[in-house]
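Peer 1: Everything below, folded, please.
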Amino acid sequence: MALLKKINQILLLLLVLTVCAILYNKVHQVPSALKNETVDLESSEEMEEEIPVVICAAAGRMGATIAAISSIYSNTEANVLFYIVGLKTTIPHIRKWIENSKLKEIKFKVVEFNPMVLKGKIRQDASRPELLQPLNFVRFYLPLLIQKHEKVIYLDDDIIVQGDIQELYDTKLAPGHAAAFSDDCDLPSTHEIVRSVGMQNTYMGYLDYRKQTIRDLGISPSTCSFNPGVIVANMTEWKHQRITKQLEKWMQRNVDENLYSSTLGGGVATSPMLIVFHGKYSAINPMWHIRHLGWSPDTRYSEHFLQEAKLLHWNGRYKPWDYPSVHTDLWENWFIPDPSGKFKLTRPES
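Peer 2: Here you go, the predicted structure:
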């Protein structure tokens, strides 16, 4: 009888322990689930696709870089990573400008460009010598500067973005295409301005068709050109097709034969790209590259048209931080003054 009583006590104890164990697990399931959920959320954030945007910071025009970045950052919720490319002497200035302004929250990396890669590849007698500065050729070397991304956006510094940069990043590139550009003939609204100020929008304006080497390319001189100030690039195709090497080859040939340096368009970076990418590029939505705003201080687009534009480009001599220039209010909306006071806007009253 005593033995049976003892067995019952042991069974009762085991039952109590089992119930306690079940209750313990139920109580601790909620924190465990929350922990897993947190990990999943973090993983989701980490997996959110970064949009790499490459933009240069050149001495004397860093305010342009700041305004461009400010406009992009303010008009998107996307996960943008800015690659700011500069020379060794300019990098400290742009870094301090960002870190001591409202742009301090952006994600960015500063990349130093070594101008020695251009040694022997540039003629010094271009019709527009201001285009000879080294950072104008950064777009040729994208895979060497940006390592981990499949798709990259390159932007000239004299732009502002009014749309969501995610839209530009989502530009579809056809199979086998290493880049997308905006054709110079793609938007009827810009044709009158092109004609009124005598801008070049065909290959004839950028290549010297008097040279046999150019004629041997078999490209009609009336072929519409494109502007490489806005590029969506596929890095895998770029490397596979050895685009950088092809561009360097034509730079070297220009040094030897002057194939484009003296043309009306003042081709320096544009001309070799027109050759290498002829017939092998995809199209960017025209509203994502409204250009020629810097070509004449007397020619203006309609305000309604500019409000509809996603990206504005002051290509040409008349920049919105200088005077004279047009549509400066649209640019100045995004400009952030230099905390160091080194960069100043040029205005009539100043």
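
Peer 1: Next, count neighbours for Pro221.
Peer 2: When neighbours are defined as other CB atoms under 10 Å, Pro221 has 13 of them. No exception for glycine: its C-beta is placed from N, CA and C like everyone else's.

Peer 1: where's it relative to Phe343, distance?
Peer 2: Distance of Pro221 to Phe343, given as CB to CB, to the nearest Å: 41 Å.

Peer 1: just checking, Ala269 touches Tyr141?
Peer 2: No: assessed by CB atoms under 8 Å, Ala269 is found out of contact with Tyr141, at 11.4 Å.

Peer 1: where does the stretch 201-350 of the chain have low pLDDT?
Peer 2: Across the stretch 201-350 of the chain, the ranges flagged by pLDDT under 70 are 264-267, 350.

Peer 1: Tell me where it has helices.
Peer 2: 212-215, 235-240, 243-257, 270-276, 303-308, 328-332 (DSSP state H, counting those that start in this stretch).

Peer 1: Can you list the buried residues in the last one?
Peer 2: This points to helix 328-332. Buried residues in helix 328-332, defined by neighbour count with 16 or more other CB atoms under 10 Å: Thr328, Leu330, Trp331.

Peer 1: so can I have JSON lines of the residues you listed showing distance to Tyr169?
Peer 2: Output for the buried residues of helix 328-332, formatted as JSON lines (distance: CB to CB, whole Å):
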{"residue": "Thr328", "distance to Tyr169": "28"}
{"residue": "Leu330", "distance to Tyr169": "22"}
{"residue": "Trp331", "distance to Tyr169": "22"}
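
Peer 1: now, among those residues, which is nearest to Gln246?
Peer 2: Checking these against Gln246 with CB to CB, the nearest one is Trp331 at 34.2 Å.

Peer 1: Just give the nearest non-adjacent residue to that closest one, would you?
Peer 2: Excluding the flanking residues, the one nearest Trp331 by CB to CB, 6 or more residues apart in numbering is Pro320, at 3.6 Å.

Peer 1: Please look at the one you found and His327 and confirm they touch.
Peer 2: Yes: using CB under 8 Å, Pro320 makes contact with His327 at a distance of 6.9 Å.

Peer 1: Compare neighbour counts for these two and give me the winner.
Peer 2: Using other CB under 10 Å, the more surrounded residue of Pro320 and His327 is Pro320, with 24 against 17.

Peer 1: So that one versus Asn201, what's the distance?
Peer 2: Distance from Pro320 to Asn201, by CB to CB: 22 Å.

Peer 1: And for Leu312?
Peer 2: Distance, Leu312 to Asn201, by CB to CB: 18 Å.

Peer 1: who are the neighbours in contact with the residue nearest to Trp331?
Peer 2: Pro320 makes contacts with Asp158, Leu293, Gly294, Trp314, Val326, His327, Thr328, Leu330, Trp331, Glu332, as judged by CB atoms under 8 Å, 6 or more residues apart in numbering.

Peer 1: Reformat these as CSV; add distance to Ile69.
Peer 2: As requested, the contacts of Pro320 are arranged in CSV below (distance: CB to CB, whole Å):
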residue, distance to Ile69
Asp158, 13
Leu293, 18
Gly294, 19
Trp314, 16
Val326, 22
His327, 19
Thr328, 18
Leu330, 16
Trp331, 13
Glu332, 15
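
Peer 1: of all the residues you listed, which comes closest to Ile214?
Peer 2: Gly294 (27.4 Å).

Peer 1: Can you name the residues bridging to the residue nearest the centre of the chain?
Peer 2: Using CA atoms, centre = their mean, the residue of the chain that lies closest to the mean C-alpha position is Tyr154, 2.9 Å off. Here Tyr154 sits in beta bridges with Val54, Ile231, going by DSSP bridges.

Peer 1: Surely it is in contact with Leu142?
Peer 2: Yes: under the criterion of CB under 8 Å, Tyr154 makes contact with Leu142 at 6.3 Å.

Peer 1: which residues does Asp183 contact?
Peer 2: Applying CB under 8 Å, 6+ apart to Asp183 gives the contacts Cys224, Ser225, Phe226, Ala283, Pro286.

Peer 1: Now, these that are in strands?
Peer 2: Using DSSP state E, the members of these that fall in strands are Phe226, Ala283.

Peer 1: Can I get the contacts of Asp183 in JSON lines including neighbour count?
Peer 2: As requested, these are exported to JSON lines (neighbours: other CB atoms under 10 Å):
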{"residue": "Cys224", "neighbour count": "12"}
{"residue": "Ser225", "neighbour count": "24"}
{"residue": "Phe226", "neighbour count": "26"}
{"residue": "Ala283", "neighbour count": "16"}
{"residue": "Pro286", "neighbour count": "18"}
